[in-house]
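J.: Sharing a model that was predicted from the sequence below.
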Amino acid sequence: MSLLKLIEDKFESLSLRLKIEIFLFPLIIILLISYLFYENKNESKNIVKLDRNIINVKMKASYLTLLKQIEKFSSQNNITINFIKRDNSNIKLVLSSSPKNLFVFLDFVERFNNFSKIETMDLSQNKLSLDISFKKFYQKTPYKASKNTDLKVKKQSRFILNAIVDNEVLINNVWIKKDDFLDGYKLVEIFENKVFLKKDDKKIFLKLHKDEKI
């Protein structure tokens, strides 16, 4: 009781201003917490709403327009279209050209628009078979053709293709498989005597020396 009495006496001795501040302080804290909680809740709702809007985005371009754009790009890059067909929301293609031109086409398809996605791919020598889906919306950098549409492949001395054994390759004396990474570069494709590595927009084409294929 003496402690309560002491606190009461101390409170009574305070100025009116301090009494008001002590009274208002917990109310301000409560209001601040309530405000922050309300803002976070609204922000979460907006994020969910934005995600739903992205999911529900539909492609405006017609498939006829897409086919014409693909044919135009192929013609400009010396790529022969052996087969092209629309299958629901997919476009199936069979192309013929040099590996260099086919890699250019793959880069073009990857960033063709915000809906294009390669579902299946079969690349052998000078032929490329693709199944491209346009079902969903993806956020990505649009394709921009350079003045020279040739693929810029830089041979870097730090990568040396030592051997190819079935589905494994030896680069810089390290064995890796398709889709594995080496120094940040992904092994995209394995050919009979060469491999294709990619890191973001950087592409490397490594060729195997003679008598190193096992």
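T.: Yep, it's here. Residues are numbered from 1 along each chain as shown.
J.: Tell me where this structure has strands.
T.: For the chain, strands defined by DSSP state E occupy the ranges 80-87, 90-96, 117-124, 127-133, 161-165, 168-171, 174-177, 181-182, 185-190, 194-199, 202-207.
J.: Make a markdown table from the ones you listed and add mean neighbour count to it.
T.: Using the backbone N, CA and C atoms, a C-beta is placed for each residue, glycine as well. Output for the strands of the chain, formatted as a markdown table (neighbours: other Cβ atoms under 10 Å):
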| stretch | mean neighbour count |
| --- | --- |
| strand 80-87 | 12 |
| strand 90-96 | 18 |
| strand 117-124 | 13 |
| strand 127-133 | 18 |
| strand 161-165 | 16 |
| strand 168-171 | 20 |
| strand 174-177 | 13 |
| strand 181-182 | 13 |
| strand 185-190 | 18 |
| strand 194-199 | 19 |
| strand 202-207 | 17 |
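J.: Those into TSV, with extra columns for distance to L67 and mean pLDDT?
T.: Listed next are these as TSV, based on distance: least, Cβ to Cβ, whole Å; pLDDT from 0 to 100:
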stretch	distance to L67	mean pLDDT
strand 80-87	7	89
strand 90-96	7	91
strand 117-124	17	83
strand 127-133	11	89
strand 161-165	36	85
strand 168-171	36	88
strand 174-177	35	89
strand 181-182	35	88
strand 185-190	25	91
strand 194-199	27	90
strand 202-207	26	88
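J.: Looking at the ones you listed, spot the one closest to K58.
T.: Among the strands of the chain, the nearest to K58 by Cβ to Cβ is strand 127-133 (14.0 Å).
J.: Which strands or helices does the closest one pack on?
T.: Here strand 127-133 touches strand 90-96, helix 99-110, strand 117-124, going by 3 or more Cβ pairs under 8 Å, 6 or more residues apart in numbering; DSSP states H and E.
J.: can you rerun that using 6 Å?
T.: strand 90-96, strand 117-124 (3 or more Cβ pairs under 6 Å, 6 or more residues apart in numbering; DSSP states H and E).
J.: Which one of the strands of the chain lies nearest to L36?
T.: strand 117-124 (39.8 Å).
J.: What strands line up against the closest one, and which way round?
T.: strand 127-133 (antiparallel) (DSSP bridges).
J.: what residues does the strand it pairs with touch?
T.: If you take Cβ atoms under 6 Å, 6 or more residues apart in numbering as the criterion, strand 127-133 is touched by 90-96, 102, 109, 116-122.
J.: give me the low-pLDDT residue ranges for this protein?
T.: 1-12, 14, 17-19, 23, 38-57, 139-157, 209-214 (pLDDT under 70).
J.: how about a cut-off of 80?
T.: 1-27, 34-61, 123-125, 137-158, 166, 209-214 (pLDDT under 80).
J.: one step back: how about the helices and strands packed on strand 127-133 in CSV, adding distance to S34?
T.: Formatted as CSV, the helices and strands packed on strand 127-133 follow (distance: least, Cβ to Cβ, whole Å):
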stretch, distance to S34
strand 90-96, 51
strand 117-124, 44
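J.: No further queries at this time; thank you.
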